[in-house]
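Q: 3D model of this:
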Amino acid sequence: MSAGARILAIDDSAETLRVVERTLAQRFECEFARDVPSAREKLASGGFDLALCDIQMPGESGLDLVEEMTATGSQTGVVLITGMEDPEVVGRALQLGVHGYLVKPFWPGQLSITVQTALRRRELEAAERTRRQTLEEQIQAAMDRAPVPIYVKDLQRRYLLANKATHEILGLAPGEMIGKTDAELLPSDSEQKIEEADLRVLRDNEAFEREETLTIEGRERVFVTVKFPYFDEAGKLAGITGVSAETTAKRQAEQLQRDLTAAQERAIEELRSSRQETVERLARAIDLHDAETGRHVNRMARIASYLASQLGLDDEQILLLRAAAPMHDVGKIATPDEVLRKPGPLTPEERVEMERHTEVGHKILAGSESELLQMAARIALTHHEWFDGSGYPRGLAGEEIPIEGRIVAVADVFDALLSDRSYRPALSTEEAVAVIRKGRGTHFDPEVADCLLEHLDEALALRE
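A: Next comes the predicted model:
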């Protein structure tokens, strides 16, 4: 906290102002006002870190002045001073976000502690605003590099983020969509189609893809859009993310892969400290060409979190696993499309290229202070390790593999076996169970494999 902080004391009591001066003037730069108009004039000049404001003053109330400061977005902290403690006034002050509260008469020590606490809180708030603004700018910059529309809505379906491509499609200037709904931007028939898809995502809490014909600036345009829920760091549903591509230009899929891969490489360092929804947004954009991917990661994550609950992990770890598991293959952003979708066996060189996705995924997700992204990084790195040490990329064995990696390995393979793939049709339940049982103790942690087999009906139900 800076010893040179500027403080404005506002009080009609000369004695109170003298106490403030004697207590604070040696450490801080203090100015004084005896009424609200004088205080308002001084505040207009800016530059004050903290205002000590008496509530009961002749003429205008000090509380009204604080409301004005709040309404105008003032960054000056506020400590309220009152001659009597009124619960109603205290409640109103807290709603305004004041940084402290003093009841007369107060002694110098109380004043000093309250002021220092308020200044410290104001510094923390300023640092948090700066951090959030920087993060938002990084996210926006990463999204703007993508050549396809990417956007985020809150639970009320208001746009929180929308990249440059989204604005260009609607013929709007950058930032013009923010805070608005589709009802304010599109004709009613198009808005109703979008609303139907949004509500389905929020209701089912799963990714959803479909083709939509929308009227934009008087012209019908056809898009394939994938929408999926995103969660805050606590794993709570926070809104909808969407990625679209025009189906009238199929060749854009290849360009999308190349451009987003390049954009991801440039954004890796920015994304290290980002929230889960940022990583998922770009990862799902890369997966736009594979309709099964969104369904698979959600099915696999449900099975993995269920197994975690049966294996005795605590509630917090289960919640983190449910949110982190869908990011296990985010490293495939760097895998060429011809390798990902090859219908036959991979060559040794292609196999090396495919196996790189574990290290790439770890590189994207590692280094964050978020527990969620830390777990996601561990899963991305270890979900192809084998219990007997013959897996990749590091040949870990047994409990060297983190429990979340061992759980996801079983859930991932189980769901994949029961799903159609470009190189084979889906296996039957009996065939999938045989593979899991055969891999018990070699590929899979025996305890996790046994847990799946003991709860096979529940796992199959979670896939529906």
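Q: So what are the sheet partners of the longest strand anywhere in the chain and their directions?
A: Counting by DSSP state E, the longest strand found in the chain is strand 219-231. Here strand 219-231 is paired, per DSSP bridges, with strand 208-216 (antiparallel), strand 237-246 (antiparallel).
Q: If you average pLDDT over each of these, which is lowest?
A: Here the strands paired with strand 219-231 differ in mean pLDDT, and the lowest is strand 208-216 at a mean of 85.
Q: before we move on, back to that, take the strands paired with strand 219-231 and lay them out in JSON lines including mean neighbour count and distance to E464.
A: Backbone N, C-alpha and C define where each C-beta goes, glycine included. Formatted as JSON lines, these follow (neighbours: other Cβ atoms under 10 Å; distance: least, Cβ to Cβ, whole Å):
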{"stretch": "strand 208-216", "mean neighbour count": "15", "distance to E464": "16"}
{"stretch": "strand 237-246", "mean neighbour count": "21", "distance to E464": "21"}
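Q: ok so, going back, can I get the longest strand of the chain in CSV, CA atoms only?
A: Written as CSV, here are the backbone C-alpha positions of strand 219-231 (Å, rounded to 0.1, in the frame of the first residue of the first chain):
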residue,chain,number,x,y,z
ARG,A,219,-30.2,-13.1,-47.3
GLU,A,220,-30.6,-16.8,-46.3
ARG,A,221,-27.3,-18.4,-45.2
VAL,A,222,-26.8,-22.0,-44.1
PHE,A,223,-24.6,-22.8,-41.2
VAL,A,224,-23.5,-26.0,-39.4
THR,A,225,-23.3,-24.9,-35.8
VAL,A,226,-22.0,-26.7,-32.7
LYS,A,227,-23.1,-25.4,-29.3
PHE,A,228,-22.1,-26.7,-26.0
PRO,A,229,-22.4,-25.6,-22.3
TYR,A,230,-19.4,-24.1,-20.5
PHE,A,231,-18.8,-24.1,-16.8
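Q: Centre of the chain to it, how far?
A: 19 Å (Cα atoms, centre = their mean, to the nearest Å).
Q: rewinding a little: for Q26, which of the strands paired with strand 219-231 is the nearest?
A: Counting by Cβ to Cβ, Q26 lies closest to strand 237-246 out of the strands paired with strand 219-231; the figure is 47.6 Å.
Q: got the CA positions of that closest one in PDB?
A: Output of strand 237-246 as PDB, limited to C-alpha atoms (Å, rounded to 0.1, in the frame of the first residue of the first chain):
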ATOM      1  CA  LEU A 237     -23.200 -24.100 -15.700                       C
ATOM      2  CA  ALA A 238     -22.400 -20.600 -16.800                       C
ATOM      3  CA  GLY A 239     -23.700 -20.300 -20.300                       C
ATOM      4  CA  ILE A 240     -23.400 -21.400 -23.900                       C
ATOM      5  CA  THR A 241     -20.500 -21.400 -26.400                       C
ATOM      6  CA  GLY A 242     -21.100 -21.600 -30.100                       C
ATOM      7  CA  VAL A 243     -19.000 -22.200 -33.200                       C
ATOM      8  CA  SER A 244     -20.400 -22.000 -36.800                       C
ATOM      9  CA  ALA A 245     -19.200 -22.800 -40.300                       C
ATOM     10  CA  GLU A 246     -21.000 -22.100 -43.600                       C
END
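Q: how's the protein carved up into domains?
A: Domain segmentation of the chain under automatic domain parsing yields 6-133, 289-464.
Q: from the ones you listed, which stretch is densest packed?
A: Comparing these by mean neighbour count (mean count of other Cβ atoms under 10 Å), domain 289-464 ranks first with a mean of 19.
Q: Output the below-cut-off pLDDT ranges for the stretch 251-400 of the chain.
A: Low-confidence segments of the stretch 251-400 of the chain (pLDDT under 70): 251-294.
Q: rerun at 90
A: Applying pLDDT under 90 to the stretch 251-400 of the chain flags residues 251-299, 316, 319-320, 322-346, 350, 353-354, 361, 364-373.
Q: Touching stretch 176-185 from outside, list them.
A: Applying Cβ atoms under 8 Å, 6 or more residues apart in numbering, the contact partners of stretch 176-185 are 151, 156-162, 166-167, 170, 172, 190-191, 194-195.
Q: any idea what sits nearest L320, other than its immediate chain neighbours?
A: With sequence-adjacent residues excluded and distances taken as Cβ to Cβ, 6 or more residues apart in numbering, L320 is closest to M375, at 5.1 Å.
Q: Could I get the phi/psi values of that neighbour?
A: Reported as degrees, to the nearest 10, the phi and psi values for M375 are phi -70, psi -40.
Q: now the domains of the chain in TSV, with distance to L202?
A: Putting the domains of the chain into TSV (distance: least, Cβ to Cβ, whole Å) gives the following:
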stretch	distance to L202
domain 6-133	25
domain 289-464	14
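Q: So which of the ones you listed is nearest L186?
A: So among those, domain 289-464 is nearest, using Cβ to Cβ, at 24.3 Å.
Q: hang on, the earlier thing: may I see the buried residues of the longest strand of the chain?
A: Within strand 219-231, the residues that count as buried by 16 or more other Cβ atoms under 10 Å are R221, F223, V224, T225, V226, K227, F228, P229, Y230, F231.
Q: helices and strands around the host helix or strand of R356, which ones?
A: Assigned by DSSP states H and E, R356 falls within helix 348-365. When contacts are defined as 3 or more Cβ pairs under 8 Å, 6 or more residues apart in numbering; DSSP states H and E, helix 348-365 packs onto helix 252-271, helix 337-340, helix 371-382.
Q: Export only the CA atoms of it, formatted as PDB.
A: Coordinates of each C-alpha in helix 348-365 appear next as PDB, following Å, rounded to 0.1, in the frame of the first residue of the first chain:
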ATOM      1  CA  PRO A 348       4.700 -45.900 -37.700                       C
ATOM      2  CA  GLU A 349       5.300 -42.300 -38.600                       C
ATOM      3  CA  GLU A 350       1.600 -41.500 -38.400                       C
ATOM      4  CA  ARG A 351       1.400 -43.300 -35.000                       C
ATOM      5  CA  VAL A 352       4.200 -41.100 -33.700                       C
ATOM      6  CA  GLU A 353       2.300 -38.100 -35.000                       C
ATOM      7  CA  MET A 354      -0.900 -39.300 -33.300                       C
ATOM      8  CA  GLU A 355       0.800 -40.000 -30.000                       C
ATOM      9  CA  ARG A 356       2.100 -36.400 -29.900                       C
ATOM     10  CA  HIS A 357      -1.400 -35.200 -28.800                       C
ATOM     11  CA  THR A 358      -0.700 -36.200 -25.200                       C
ATOM     12  CA  GLU A 359       2.300 -33.900 -24.900                       C
ATOM     13  CA  VAL A 360       0.700 -31.100 -26.900                       C
ATOM     14  CA  GLY A 361      -2.400 -31.300 -24.700                       C
ATOM     15  CA  HIS A 362      -0.300 -31.100 -21.600                       C
ATOM     16  CA  LYS A 363       1.600 -28.100 -23.000                       C
ATOM     17  CA  ILE A 364      -1.700 -26.300 -23.700                       C
ATOM     18  CA  LEU A 365      -3.200 -26.900 -20.200                       C
END
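Q: how about the closest residue to M69 other than its chain neighbours, what does it touch?
A: Using Cβ to Cβ, 6+ apart and skipping residues adjacent in sequence, the residue nearest M69 is T76, 6.4 Å away. Applying Cβ under 8 Å, 6+ apart to T76 gives the contacts L8, L43, F48, D49, L50, A51, M69.
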